[in-house]
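Visitor: coordinates only, sequence not included:
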């Protein structure tokens, strides 16, 4: 039965990711209609970390790192969707659901700004988490 649960969880996560993707696309459309075009990828990532994140989660990303080869790591030390849960260890297993939606959100936002990406998330210690964005060169 555990395996069935995993399949179920996987489907749920995929569904949440694609919901996030659509929401991200819609939000970016609203946010950027009055903004000047961005000059480059890094510019877009900064916009996601500051304006986009602040609008959605009421705070900026705490740390943005890049290897300058298309990989960006966005770190949020008190990720809003995890702070309520972080008190209890038993919730750690639910974290991926919240992260899947947010990965989709980032991916959708970037996609609408012309950047194709793969976004993954990891939680090392609640409520901090990192989102890794791998830019797909088209």
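Guide: Received it, and whenever you're ready, just let me know what you need. Predicted model only: the values in this text are computed from it and were never measured.

Visitor: which SSE is immediately downstream of the helix ranked longest in the chain?
Guide: The residue-count maximum for a helix in the chain (DSSP state H) belongs to helix 2-32. Heading C-terminal from helix 2-32, the first helix or strand you meet, by DSSP states H and E, is helix 41-47.

Visitor: before we move on, back to that, which elements pack onto the longest helix of the chain?
Guide: Judged by 3 or more Cβ pairs under 8 Å, 6 or more residues apart in numbering; DSSP states H and E, the packing partners of helix 2-32 are helix 53-57, helix 95-112. Glycine gets a C-beta too; all of them are placed from N, C-alpha and C.

Visitor: and that helix with helix 95-112, angle?
Guide: 40 degrees (axes from the mean of the first three to the mean of the last three Cα atoms, to 10 degrees).

Visitor: distance from helix 2-32 to the middle of the chain?
Guide: 10 Å (Cα atoms, centre = their mean, to the nearest Å).

Visitor: give me the most central residue, this protein.
Guide: The chain has residue 103 as the residue nearest its centroid, 3.3 Å off, counting by Cα atoms, centre = their mean.

Visitor: circling back: dump the helices and strands packed on helix 2-32 into JSON lines; add distance to residue 20 and mean pLDDT as well.
Guide: Shown next, in JSON lines, are the helices and strands packed on helix 2-32 (distance: least, Cβ to Cβ, whole Å; pLDDT from 0 to 100):
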{"stretch": "helix 53-57", "distance to residue 20": "10", "mean pLDDT": "94"}
{"stretch": "helix 95-112", "distance to residue 20": "2", "mean pLDDT": "92"}
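
Visitor: residue 134 is nearest to which of these?
Guide: helix 95-112 (10.3 Å; Cβ to Cβ).
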